[in-house]
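A.B. asks: Here you go, sequence then predicted model.
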Amino acid sequence: MALYDPSDAAVRPLMTAYWSSQGWRETPAKLDQDSLDRLVSAGLMFVDDPTRSHDAWVADARSATAGIEPAEVGTAFLTSLASRRLDLRSALGSFAVARHLPTHSYTPMHGRCRVCGLAKGQDGDRKVMSFERFKWAGVRRDDLIYAALDLELFRRAPRLPLGEGDLVLGRRLLDAIASAPPDFTAPKLARSLTFIKGNKDERRVLLDILAVAGVLETPDHPGYRERFVDMHLREHTDAHFEDSAYPLWWWRGRHGVNLNAVGEWFPDL
């Protein structure tokens, strides 16, 4: 299976299609045919996004985790901290969300499946998802279509060796979380992590990933590490910062770090 090129030059056409110096493009920029062909050939852009059934998307997400080990996505996450390889960072969240996904039939609730959140039939919007994966490490954290795409691409993503510097940075990140003031919210924590390369949006997504992976969770609102969290069980708060993923919006500094989750995902720390 051929690896894709994650360099800035190779990914730039995908970035410029959806993002400009002014921010999000309401209408994607038209790519020249050569750039489009290269992205499609690399599997980073798609000619179309067919509508598929709920059951087909669920099957894709369930099979996407096959052959991937927890420490593999954990190592990729750690190597992303210094390198800012956001395509590697994303896989931990997608694997955590999808690995305990049960086989189930579509059960409607407010136009979505009450188990997984998918519509009965929907297109994947995978072109935009691929952009979001490189731009922020993904933003649709509990979206099973994104999880399946992310893990499919992760298999073809060039990996980085885990070095001592990565371990030092990983420990510093966990120490910063564990020592956060008791009432610290996730947005405050994200703003404090300036030693992690990137911008505030990337750091917020980083915390989303750790939350779905169960590193940041609460006793009453666990992540997905041990079991899949049905959509109808993802309780909301009244907080204004609920643009993050469940269960991050419930986390406060007093909840600290789940060391069992750390041991599973990051055994080298």
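C.D. replies: It's in. Numbers count the residues shown, from 1 in each chain.

A.B. asks: so how far is residue 106 from the residue nearest to residue 257 when sequence neighbours are not counted?
C.D. replies: Nearest-residue entry for residue 257: residue 178, 4.9 Å, with adjacent residues in sequence omitted and distances by Cβ to Cβ, 6 or more residues apart in numbering. To be clear about C-beta, it is placed using only N, CA and C from the backbone, and glycine gets the same treatment. Using Cβ to Cβ, to the nearest Å, we find residue 178 at a distance of 41 Å from residue 106.

A.B. asks: So between these two, which is more surrounded?
C.D. replies: Using other Cβ atoms under 10 Å, the more surrounded residue of residue 178 and residue 106 is residue 106, with 17 against 13.

A.B. asks: what about that one, is that helix, strand or coil?
C.D. replies: Of the three states, residue 106 takes coil under DSSP: H, G, I helix; E, B strand; the rest coil.

A.B. asks: so it makes contact with residue 57?
C.D. replies: No: contact status for residue 106 versus residue 57: not in contact, 10.3 Å apart, counting by Cβ atoms under 8 Å.

A.B. asks: between those two, what contacts are shared?
C.D. replies: Common contacts of residue 106 and residue 57, defined by Cβ atoms under 8 Å, 6 or more residues apart in numbering, comprise residue 118.

A.B. asks: Per-residue pLDDT of the residue nearest to residue 257, please?
C.D. replies: Residue 178 is assigned a pLDDT of 98 by the prediction.

A.B. asks: For the residue nearest the centre of the chain, list the residues it contacts.
C.D. replies: Closest to where the C-alpha atoms of the chain average out (Cα atoms, centre = their mean) is residue 90, at 3.9 Å. Contact partners of residue 90, counting by Cβ under 8 Å, 6+ apart, are 133, 137, 138, 150, 154, 209.

A.B. asks: same deal with residue 16?
C.D. replies: Residue 16 neighbours (Cβ under 8 Å, 6+ apart): residue 29.

A.B. asks: which SSE is it in?
C.D. replies: Using DSSP states H and E, residue 16 sits within helix 8-18.

A.B. asks: Return the distance of that helix from the chain's centre.
C.D. replies: Distance of helix 8-18 from its chain centroid, counting by Cα atoms, centre = their mean, to the nearest Å, is 19 Å.

A.B. asks: and if you look at stretch 84-91?
C.D. replies: The answer for stretch 84-91 is 8 Å, by Cα atoms, centre = their mean.

A.B. asks: I'd like to know how many residues surround residue 26.
C.D. replies: Residue 26 has 6 nearby residues by other Cβ under 10 Å.

A.B. asks: secondary structure element for it?
C.D. replies: Residue 26 belongs to no helix or strand, assigned by DSSP H and E.

A.B. asks: Contacts for the helix or strand following the helix holding residue 16 next, please.
C.D. replies: Sequence order places strand 19-20 as the next helix or strand after helix 8-18, per DSSP H and E. Identification of contacts with strand 19-20 by Cβ under 8 Å, 6+ apart yields 25, 29, 131, 135.

A.B. asks: Strand 19-20: partners in the sheet, and parallel or antiparallel?
C.D. replies: Here strand 19-20 is paired, per DSSP bridges, with strand 23-24 (antiparallel).

A.B. asks: Who are the packing partners of whichever helix or strand comes after the strand it pairs with?
C.D. replies: Per DSSP H and E, strand 23-24 leads on to helix 33-42 as the next helix or strand towards the C-terminus. Applying 3 or more Cβ pairs under 8 Å, 6 or more residues apart in numbering; DSSP states H and E, one finds that helix 33-42 makes contact with helix 8-18.

A.B. asks: Return the set of buried residues in the helix it packs on.
C.D. replies: Buried residues in helix 8-18, counted by 16 or more other Cβ atoms under 10 Å: 11, 13, 14, 17, 18.

A.B. asks: isn't the fourth one right up against residue 24?
C.D. replies: In this case it means residue 17. No: using Cβ under 8 Å, residue 17 is not in contact with residue 24, being 11.2 Å away.

A.B. asks: on that earlier part again, identify the farthest-apart pair in the contacts of strand 19-20.
C.D. replies: 29 and 135 (14.5 Å; Cβ to Cβ).
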